[in-house]
Each structure stands twice: as C-alpha cells, then as structure tokens.
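Enquirer: Sequence and predicted structure are below.
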Amino acid sequence: MKIYNSLSRKIERFTPLNPPQINIYTCGPTVYYYAHIGNWRTYVTSDLLVRTLKYLGYETNYVMNLTDVGHLTGDNLGDADTGEDRLEKAAKREAKSAWDIAKFYGGKFLSEFSDLNLIKPNKYPKATNHISEQIALIEKLQKNGLTYETSDGVYFDTKEYERATGKKYGELSDLDKIKEGARVEKNVEKKNPRDFALWKFSKKGEGRQMEWESPWGVGFPGWHIECSAMSMKYLGETLDIHIGGEDLRSTHHPNEIAQSEGATGKPFVKYWVHGAFLKVDGGRMGKSLGNAYSLGDIKKRGIDPLALKLFYYSAYYRDSLNFTWEALEGSQNALNNLYERVRELKASLGDELSSEKLDKIDNFRSEFRGYLEDDLDMPKVMAVVWSTLKSNLPSRDKLDLLYDFDDVLGLNLRGVEEAKIPQDLIKLAKKREEYRQKGDFAMADKIREKIENQGFIIKDGESGAKLSRRSAFGKKSNE
Ligand code: AMP
Ligand code: ZN
C-alpha cells in the first residue's frame, strides 16, 4: 500500500512497525456540539483507511479520543492556549453542566458513528478519564527540563526541546511561521512564541466545573497533551499511523510530536495522514455562517447518511471537496441506484452455474485493490464498482464482488433487502397524490412522513409520484 506521509511530504510505501498489527490513532471530536459534515469527512477517511488495512489482511488496533476538556476557543485565532474552554462555554449556553454537555454530545457522536456505518474504534478514551496519565507525562517532560511555569500555566519549552533533542520543532507543520518561530505573540510570559500550554491553572474566581489537582496547582490539561498521553497508553510509544484533518497539521500535531518525543526520545508516529477540508458552497464552513450541517440536518432532508459517505468518496481525500445540497442529492440518487441494482441482482439469482469468467472477476478485484492501495484513490475505486455492475458477469459473481468491496466501502450492501414495495404503502402514496391534487399539502406532507418512517422515499416526477425503498437506513451492521 502507498500512502502520503505529511512528515516526508511524499507518497511512501507503507511498511508497518510490527506486522500484521497496525496501531492507528485518530484525533477525535471536541464534544461540545454536534459533529458537522466536515468533521465526518475526516472520520470517514479514518474509517476508510482502517477498513482498507483490514481488507489487505492487517490487524488494526484503532483508537479515537473524545476531547471533553481543555480545547479553548483561541485556536480559531491561531492560539489554542487562550480563550474559553469550549465545554464550559457550551455549558453556559445550554444551562447544563459541562459534564452533561460532554455526555450528551459524546453519546450523540457515537450513535451517529453507527449511522455512517463506521467501524467502532477498539477504544475511544476520554480526556477527562485520563488526567493522571496527562499529569504523569507532563512530569516526565518536567524531569527532562522541557517545561516552565508562568502565572497561568505550565508550558512546553520548544527552544529547549530543539536544543536537548537536536530535533526541529514544527517539522510537520505547513505554516512556515511555526517552523521558523514567528507566531504572533499574545502571552508575554511565554519564553518563545511557539511554546504551548501543557497545564492551565483555573483562574481565581473563575468557577470552573472541570478542574483537577496537580503538582503545579488546580487546573486542567492543555488540549494537545491528551492525545500524546492516550495514544501512548493504548498504542505504545511509537505508532504506525496518526490521522486528522489538515488544520491539525499546523500546530496540534507538531505539539503532539514535541511532547511525545520530548518525553520518550523515540519517534512518535511513522505515518502522519491528513485529510483535506470539506467546504460549503465554495467557502468556509462555520457555525456562525449557518452552514456547519450536522447528520441530523442531512437526515431531516430525507438523505441517508450513507449517501453522504458516497459523496465523500467522490473525491480524493487530500483534495478539498465542495458540499452543495444538489451534489448530496446526486449521491443519494447514486446510492438508491446502487441499492436497486443489488436488489435486482439478488432477485435474479437462479440456479446459475459458477462463472467461467474467473479472470474477469480477478481483474475487477485487483483493480479495486490497486486503486485503494494507491493512497486511497476513491474516485477510481468507485469507478471499478460501477463498471463491475455494468459488466456481463453473472449476477452471482457481481454480487459476490460487491459484497467483498463493501468490506471497505461500508455502504451496507449486504443489508439491502429484496422485498418489494408493500401494498399499503402504494395505497398511501395514492392517497397522498389525491390530497396534493386537492391542494391539501399539509395532509400530503403528513402521509409523506408516514411513508418515510417506514423506510421509503417518495419523489414527485413528471409522470407522477414514485416510491422507492430508502437505503438500508437504520439497519447498519455496525461491526
Ligand atoms: P474538532 O472537533 O474541532 O477537534 O475537529 C475534529 C476533526 O474534524 C479534526 O480532525 C479536524 O481536523 C476535522 N475537521 C474540522 N473541520 C473540518 C472540515 N471542514 N473538513 C474536514 N475535516 C474537518
Ligand atoms: Zn490529537
């Protein structure tokens, strides 16, 4: 398999540290709100990589953290050590406790994980359950002379790190100002502009809900330290792969490297993988812009989350992808089409003899695998899926191939049912049409909802309304 490594800035041949086992870590969400479709693009890329590695015969140990403390709002402005804690801020907004916020949005994230039929990580540790591990790591850094205290926290000394280890800080970053050390200074007590917080003190009179005792004073961990502490706890001091969105490449990941290598003296990660951002209508996605859509927003429009997944597959993960509702509807149509074809194949399975076209089967399989192994080239992978369907292979062979491919695609093709549209739904659709004719759209909409609740969608076309089974929504196999 070939994969682009952000560290070397090259596509490299992937060689695991301890085959067949592969240790892989994804920076998980900050659970202060619903994950948006940009976040999901990154998690679908992680899922795809894990599924691909499994498909290629490796065993994966996959860990994704849940950030439930310490991610400050200042990172929007390029300084993650300032601003309010996102969880505490959300608690104020929703008049709940920070713990309730974490519980609610963390739980929501995991249930939506199933909606997208993503493979469950072997572990998804929370930052707040690993405070002692984070403190122990900071103590190790302190012992190695890489920390210092200011009035608001304990900081990592990037200059001392470079001096003591002979390594350069910020090698991974694509921001020259980080590599060269010229970050805009906000905190005058910091020794170097690039230094970052390992532990922040609770401010006097701040009344934080999430705070802990530490050898340096009551407070909470800096955002970066949790990933170093938890990934090393569960995956060892050197991991095979670490993944995240491209924004993390600029400071969060360089900081993870510095902390981890500053503590252990060993390389932290062999392959750094970063996914490009999802844009909306050609621009930035943001809550304040009202375009940070959640899976709930997608579902409300009658779109299956798996159609969103298919939409992501339309682009190479390192290219930015532009979201529009039209494009997503196009993916829903493609998914319906794919499911319809699978249904037809299932229905047409007869007493066929096994295929004599073994070469052809092997060709499709090796093309599919070849494009996956080429740094996850999903547009080409999907083209193989469609050409398999169009081929003259017997239904049995096509279906076998599709099921095999679905181990990677995770589109729940095995869950597609053969059943025809039930009679009572056809009757309901007719009734709805009558209401529409009469102009009673409220009743017509009510019936549409009834139909949709039973797993079908109804589309009004020129030749009248058409019923079709919605993709196997809500019946995920969830491995
Ligand atoms: P956060 O919850 O902000 O820590 O982000 C969780 C993950 O989503 C990180 O890996 C981010 O890099 C990623 N992410 C954030 N915004 C986008 C976006 N617009 N497109 C793709 N990934 C994103
Ligand atoms: Zn991280």
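Expert: Happy to help now that I have it. The shown structure was predicted, so the numbers you read here are calculated from the model rather than taken from an experiment. Ligands and ions are numbered 1, 2, ... in the order given.
Enquirer: and the lengthiest helix in the chain, average pLDDT?
Expert: Counting by DSSP state H, the longest helix found in the chain is helix 325-347. On average, the pLDDT along helix 325-347 is 94.
Enquirer: in that helix, what's buried?
Expert: Across helix 325-347, burial judged by 16 or more other Cβ atoms under 10 Å covers 328, 331, 332, 334, 335, 336, 338, 339, 341, 342, 343, 345. C-beta here means a position set from N, CA and C on the backbone, and glycine is covered the same way.
Enquirer: Just the CA atoms of the helix or strand that that helix is followed by, as PDB, please.
Expert: Downstream of helix 325-347, the first helix or strand assigned by DSSP states H and E is helix 358-373. In PDB, the C-alpha atoms belonging to helix 358-373 read as follows (Å, rounded to 0.1, in the frame of the first residue of the first chain):
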ATOM      1  CA  LEU A 358     -12.600 -16.100 -13.300                       C
ATOM      2  CA  ASP A 359     -10.100 -13.800 -15.000                       C
ATOM      3  CA  LYS A 360     -12.600 -11.100 -15.200                       C
ATOM      4  CA  ILE A 361     -13.500 -11.400 -11.600                       C
ATOM      5  CA  ASP A 362      -9.900 -11.300 -10.600                       C
ATOM      6  CA  ASN A 363      -9.400  -8.200 -12.800                       C
ATOM      7  CA  PHE A 364     -12.100  -6.300 -11.000                       C
ATOM      8  CA  ARG A 365     -10.900  -7.300  -7.700                       C
ATOM      9  CA  SER A 366      -7.300  -6.400  -8.400                       C
ATOM     10  CA  GLU A 367      -8.200  -3.100  -9.900                       C
ATOM     11  CA  PHE A 368     -10.300  -2.300  -6.800                       C
ATOM     12  CA  ARG A 369      -7.500  -3.200  -4.600                       C
ATOM     13  CA  GLY A 370      -4.900  -1.400  -6.700                       C
ATOM     14  CA  TYR A 371      -6.700   1.900  -6.500                       C
ATOM     15  CA  LEU A 372      -7.200   1.600  -2.800                       C
ATOM     16  CA  GLU A 373      -3.500   0.800  -2.300                       C
END
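Enquirer: Which elements pack onto helix 358-373?
Expert: Helix 358-373 makes packing contacts with helix 37-55, helix 378-390, helix 395-409 when contacts are defined by 3 or more Cβ pairs under 8 Å, 6 or more residues apart in numbering; DSSP states H and E.
Enquirer: How about the first one and ligand 1, any contact?
Expert: What it means is helix 37-55. Yes. Counting by Cβ under 6 Å from any ligand atom, ligand 1 is contacted by helix 37-55 at 38, 39, 41, 42.
Enquirer: Out of these, the closest to ligand 2 would be?
Expert: Nearest to ligand 2 among the residues of helix 37-55 next to ligand 1: residue 42, at 11.5 Å, using Cβ to the ion.
Enquirer: count of neighbours near that closest one?
Expert: Residue 42 has 27 neighbouring residues, counting by other Cβ atoms under 10 Å.
Enquirer: And for residue 112?
Expert: Other residues lying near residue 112 total 20 when counted by other Cβ under 10 Å.
Enquirer: and it, that one's in a helix?
Expert: Yes. Assessed by DSSP: H, G, I helix; E, B strand; the rest coil, residue 112 belongs to a helix.
Enquirer: Setting the sequence-adjacent residues aside, check what's closest to it.
Expert: Distances taken as Cβ to Cβ, 6 or more residues apart in numbering put residue 295 closest to residue 112, at 4.8 Å, once the chain neighbours are dropped.
Enquirer: Which residues are in contact with that neighbour?
Expert: Residue 295 makes contacts with 34, 35, 37, 40, 112, 115, 116, 305, 308, as judged by Cβ atoms under 8 Å, 6 or more residues apart in numbering.
Enquirer: Distance of it relative to ligand 1?
Expert: 14 Å (Cβ to the nearest ligand atom, to the nearest Å).
Enquirer: hmm, back to that, quick one: which of the contacts of residue 295 is most hemmed in?
Expert: residue 40 leads the contacts of residue 295 on contacts (other Cβ under 10 Å) with 27 neighbours.
Enquirer: got a list of what that one touches?
Expert: Contact partners of residue 40, counting by Cβ under 8 Å, 6+ apart, are 112, 116, 295, 308, 312.
Enquirer: Return the member of the residues you listed nearest to ligand 1.
Expert: Within the contacts of residue 40, proximity to ligand 1 (Cβ to the nearest ligand atom) peaks at residue 312, which comes in at 9.6 Å.
Enquirer: Count the residues that sit near the residue in the stretch 1-150 of the chain that ligand 1 sits nearest to.
Expert: At 2.5 Å from ligand 1, residue 38 is the closest residue in the stretch 1-150 of the chain, using Cβ to the nearest ligand atom. Around residue 38 there are 22 other residues, counting by other Cβ under 10 Å.
Enquirer: quick one: average pLDDT of stretch 7-15?
Expert: Mean per-residue pLDDT for stretch 7-15: 97.
Enquirer: got it, and stretch 254-261?
Expert: The average pLDDT for stretch 254-261 rounds to 97.
Enquirer: That stretch and ligand 2, any residue contact?
Expert: No. Against ligand 2, stretch 254-261 shows no contacts by Cβ under 5 Å from the ion, the least distance being 5.7 Å.
Enquirer: and the one residue in the stretch 151-300 of the chain that gets nearest to ligand 1, what does it touch?
Expert: Closest approach between the stretch 151-300 of the chain and ligand 1, counting by Cβ to the nearest ligand atom: residue 245, at 2.0 Å. When contacts are counted by Cβ under 8 Å, 6+ apart, residue 245 touches 38, 39, 41, 42, 274, 275, 277.
Enquirer: hang on, the first one packs against residue 291?
Expert: No. Taking Cβ atoms under 8 Å as the definition, residue 38 is not a contact partner of residue 291, at 9.8 Å.
Enquirer: which residues are common contacts for those two?
Expert: Listed as contacting both residue 38 and residue 291 by Cβ under 8 Å, 6+ apart are residue 285.
Enquirer: contacting residues for residue 428?
Expert: By Cβ under 8 Å, 6+ apart, residue 428 lies in contact with 447, 450, 451.
Enquirer: if I look at residue 126, how far off is residue 198?
Expert: Counting by Cβ to Cβ, to the nearest Å, the gap from residue 126 to residue 198 is 18 Å.
Enquirer: So these two - more neighbours on which side?
Expert: More neighbours surround residue 198 than the other of residue 126 and residue 198, with 28 against 18 (other Cβ under 10 Å).
Enquirer: for the one helix or strand that one maps to, packing partners?
Expert: Element membership for residue 198, per DSSP H and E: strand 196-201. Of the remaining helices and strands, those touching strand 196-201 by 3+ Cβ pairs under 8 Å, 6+ apart are helix 131-143, strand 153-156, strand 219-221.
Enquirer: Neighbouring strands of it in the sheet, and parallel or not?
Expert: Paired with strand 196-201 in the same sheet, following DSSP bridges, are strand 153-156 (antiparallel), strand 219-221 (antiparallel).
Enquirer: The last one and ligand 2, any residue contact?
Expert: No. Among the residues of strand 219-221, none lie within reach of ligand 2 under Cβ under 5 Å from the ion; the closest is 12.2 Å away.
Enquirer: Could you dump the contacts of residue 40 into CSV and include distance to residue 406?
Expert: Converted to CSV, those look like this (distance: Cβ to Cβ, whole Å):
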residue, distance to residue 406
112, 20
116, 14
295, 21
308, 17
312, 16
